[in-house]
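Asker: got a structure for you, letters missing:
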Ligand SMILES: NC(=O)c1ccc[n+]([C@@H]2O[C@H](COP(=O)([O-])OP(=O)(O)OC[C@H]3O[C@@H](n4cnc5c(N)ncnc54)[C@H](OP(=O)(O)O)[C@@H]3O)[C@@H](O)[C@H]2O)c1
């Protein structure tokens, strides 16, 4: 492992890109060397390119302000300055796929927030506490791409970053048979603030394009296994999802109903949640929460505004676990969508890849 990695953020002017820029300030392993975006921003100082779009709760890092934004399509030029890039761009799926593969083929690893490559069978989609072992597939991907260093690794969608971690520790002993989930998702998940999306004030929109399919399908890839150079998704549990956009700035809440093959007691569930940790904690990755899953006994917790920033927005909050009349149990859970659900999850994945030698 290197002492310090030079890092680029592709899509640095957007909502998730701004989070990456914020999180990289004073990062112990990663140094922000390049910001890149569309030709609209290229050539401008980062501060001028972002302008009034800066939506982070902390000021723009002084070092980032002065960086000159590069054109993300100048792949060789960007790749020559960095050890790897984070990618969070708003482009057509096929364009994103091509851009990310171009970086990989330029021997520049890509840690991506985009959905374009999530179902490419040799691209690992990783939540480090859950399926860190999937990064082994990178060797097969490198063979396909003909690269020595370059590859694409992705994180999963923000909607599922609360309920998949809550279900995961229960699977081995109790077998999750089916799950119904309703998500209540923040407007930053659409790259928006109340200033840029005033129609969302005092409103709820019962549709988020593509989100229900991602919420049902992506967990099965996380719980899949490697076979013949591909990640084969798990065939269960059956998940059905409804995803709503609600008027909060940050933080996705989920209401979950779950049935088991072997119904546990409430105490057994709480014990599993309290004891759960994964490779992110064992490796003491800099962005890993000390305690991944926090259970609140109070009936009115977790609350989006009070609890989304728990452990720097990297922990998952759970509450209201109780028996249900149609499923075995129901509960609610919450995670920060642009931290754990997007840039924070991306940084944690990059830390895992660095710790395991994939960025050298
Ligand atoms: N927001 C979330 O919570 C969240 C969570 C998980 C995943 N994601 C995913 O992350 C990605 C970015 O989302 P976002 O919310 O950050 O979007 P956003 O705020 O709209 O930002 C989009 C970024 O993409 C850049 N871009 C647009 N067209 C480009 C082009 N042709 N070439 C290069 N760069 C281009 C923009 O640069 P300019 O400023 O120069 O236009 C900007 O930096 C999306 O794929 C989204 O699905 C978002």
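Answerer: That came through, no problem. Since the structure is predicted, the reported quantities are computational estimates derived from the model, not experimental observations.

Asker: residues touching the closest residue to the ligand within the stretch 51-200 of the chain, list them.
Answerer: Here the stretch 51-200 of the chain gets closest to the ligand at one residue, residue 191, 2.9 Å apart by Cβ to the nearest ligand atom. No exception for glycine: its C-beta is placed from N, CA and C like everyone else's. By Cβ atoms under 8 Å, 6 or more residues apart in numbering, the residues touching residue 191 are 14-16, 90.

Asker: Once you drop chain neighbours, what's closest to residue 41?
Answerer: Distances taken as Cβ to Cβ, 6 or more residues apart in numbering place residue 49 nearest to residue 41, at 3.8 Å, with adjacent residues excluded.

Asker: where does this structure dip in pLDDT?
Answerer: Within the chain, no range satisfies pLDDT under 70.

Asker: That one - how does it break down into domains?
Answerer: Under the assignment automatic domain parsing, the domains of the chain span 5-157+342-355, 159-336.

Asker: Please identify the deepest-packed of these.
Answerer: Of those, the one with the most neighbours on average (mean count of other Cβ atoms under 10 Å) is domain 5-157+342-355, at a mean of 20.

Asker: First residue to last residue on it, what's the distance there?
Answerer: Using Cα to Cα, to the nearest Å, one end of domain 5-157+342-355 lies 12 Å from the other.

Asker: ditto for stretch 300-318
Answerer: 11 Å.

Asker: helix/strand/coil for the spatially closest residue to residue 136 that is not a sequence neighbour?
Answerer: Of all residues not flanking residue 136 in the chain, residue 226 sits nearest, at 6.3 Å (Cβ to Cβ, 6+ apart). Per DSSP: H, G, I helix; E, B strand; the rest coil, the local secondary structure of residue 226 is strand.

Asker: for the one 10 residues further on, same thing?
Answerer: Three-state assignment for residue 236 (three-state DSSP): coil.

Asker: what sits against whatever residue of the chain ends up closest to the ligand?
Answerer: The nearest approach of the chain to the ligand comes at residue 14, 1.9 Å away (Cβ to the nearest ligand atom). The contact partners of residue 14, by Cβ under 8 Å, 6+ apart, come to 37, 88-90, 191.

Asker: Just the contacts of residue 191: which are in helices?
Answerer: Of the contacts of residue 191, the ones assigned to helices by DSSP state H are 15-16.

Asker: From residue 257, how far out is the residue of the chain positioned farthest from its centre?
Answerer: For the chain, the C-alpha lying farthest from the average C-alpha position belongs to residue 325; by Cα atoms, centre = their mean, that distance is 33.0 Å. Using Cβ to Cβ, to the nearest Å, residue 325 is found at 10 Å from residue 257.

Asker: likewise residue 226?
Answerer: As for residue 226, its distance to residue 257 is 31 Å (criterion: Cβ to Cβ).

Asker: Likewise for residue 342?
Answerer: From residue 342 across to residue 257, the span is 26 Å (Cβ to Cβ).

Asker: Many thanks, have a good one.
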